[in-house]
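Novice: Only the shape, not the letters, is given here:
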């Protein structure tokens, strides 16, 4: 039997030696050896500089956005929105808003039901303050409607920096099913003087002029009228607040014809984390020319209010 002989060339020897040296070993597992990292020594002056920089960074106040809120990363996202941009008026975080609702009734010998809903929206920046409020009342007695009215106010003030004076524009829309008219629109403008501007006590007085008109009534002409009014707000305690607003509208052509709209409210905070309050409110609307109706209408209510 002829034996086969194996020949080994120099190239094969070199390749085999390379596989044994650089490839996986025949026994065990390859161990990679690395030199330990070189630690750089920090001088005493560099350590002091780093500590001083950290202390300065801790005292710097984080950047705030246009609404006064701190961003999550502490950086300012950009300049505040201008008055002509929709986000200036619609950004929810810029509004202080409240909602109130009250229901009362009886069943048995007397069937009564009374309901009131209201909401207030306020937005204040350095040069502007916008207040929007809506109150709606409805009542029934023995299935017969005895009250159905609503009052919408949109008030705007142009503020001046470091000044107690401001310019105001008042718009009011009044609806009452039991009045001689269907709707009354009043527009007035003038000047406001901030008599008291404390955190717990505020008093504003205003004087101006405008006009009002009635729709669906016996007298639908535009009536020129003056306006004299004010706002009083007193934070009695951390849980109690009192508000009073009044406006006197005399007819420029006959001061014997006038209107008076006044509001008063007392709030008692019940649950501070959830901003839930108990509120007693009173609204009086007086008209010296009621057209064979009662001159004074008073609406009072006991409601729960949520504010944010």
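Specialist: That came in fine, so what should we check first? Predicted model, so just to flag it, every value in this text is computed and none were measured. Numbering: from 1, shown residues only.
Novice: strands paired with the one helix or strand residue 267 maps to, and their directions?
Specialist: When secondary structure is defined using DSSP states H and E, the element that contains residue 267 is strand 258-271. According to DSSP bridges, strand 258-271 forms sheet pairs with strand 240-250 (antiparallel), strand 276-287 (antiparallel).
Novice: Output the ones you listed as CSV; include the columns distance to residue 152, mean neighbour count and mean pLDDT.
Specialist: (Each C-beta comes from the backbone N, C-alpha and C, glycine too.) Shown next, in CSV, are these (distance: least, CB to CB, whole Å; neighbours: other CB atoms under 10 Å; pLDDT from 0 to 100):
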stretch, distance to residue 152, mean neighbour count, mean pLDDT
strand 240-250, 14, 17, 97
strand 276-287, 13, 18, 95
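Novice: now those strands as JSON lines including distance to residue 220?
Specialist: Putting these into JSON lines (distance: least, CB to CB, whole Å) gives the following:
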{"stretch": "strand 240-250", "distance to residue 220": "17"}
{"stretch": "strand 276-287", "distance to residue 220": "15"}
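Novice: Return the distance of the nearest residue to residue 101 once chain neighbours are set aside relative to residue 133.
Specialist: Residue nearest to residue 101 in three dimensions, not counting chain neighbours: residue 117, with 5.3 Å by CB to CB, 6 or more residues apart in numbering. Relative to residue 133, residue 117 is positioned 12 Å away (criterion: CB to CB, to the nearest Å).
Novice: Repeat that for residue 103.
Specialist: Where residue 133 is concerned, residue 103 sits at a distance of 20 Å (CB to CB).
Novice: on that earlier part again, other residues contacting the strand holding residue 267?
Specialist: When contacts are taken as CB atoms under 8 Å, 6 or more residues apart in numbering, the neighbours of strand 258-271 outside the stretch itself are 172, 212, 225, 238-251, 275-288, 305.
Novice: before we move on, which element is the residue nearest to residue 101 in?
Specialist: Going by DSSP H and E, residue 117 is part of strand 112-124.
Novice: and that strand with strand 276-287, angle?
Specialist: Angle between the axes of strand 112-124 and strand 276-287 is 100 degrees (criterion: axes from the mean of the first three to the mean of the last three CA atoms, to 10 degrees).
Novice: strand partners of strand 112-124, parallel vs antiparallel please.
Specialist: Using DSSP bridges, strand 112-124 pairs in its sheet with strand 96-106 (antiparallel), strand 128-141 (antiparallel).
Novice: As TSV, those with mean neighbour count and mean pLDDT would be great.
Specialist: Output for those, formatted as TSV (neighbours: other CB atoms under 10 Å; pLDDT from 0 to 100):
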stretch	mean neighbour count	mean pLDDT
strand 96-106	15	90
strand 128-141	17	95
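Novice: Serialize these to CSV and add fields for distance to residue 265.
Specialist: Converted to CSV, those look like this (distance: least, CB to CB, whole Å):
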stretch, distance to residue 265
strand 96-106, 9
strand 128-141, 11
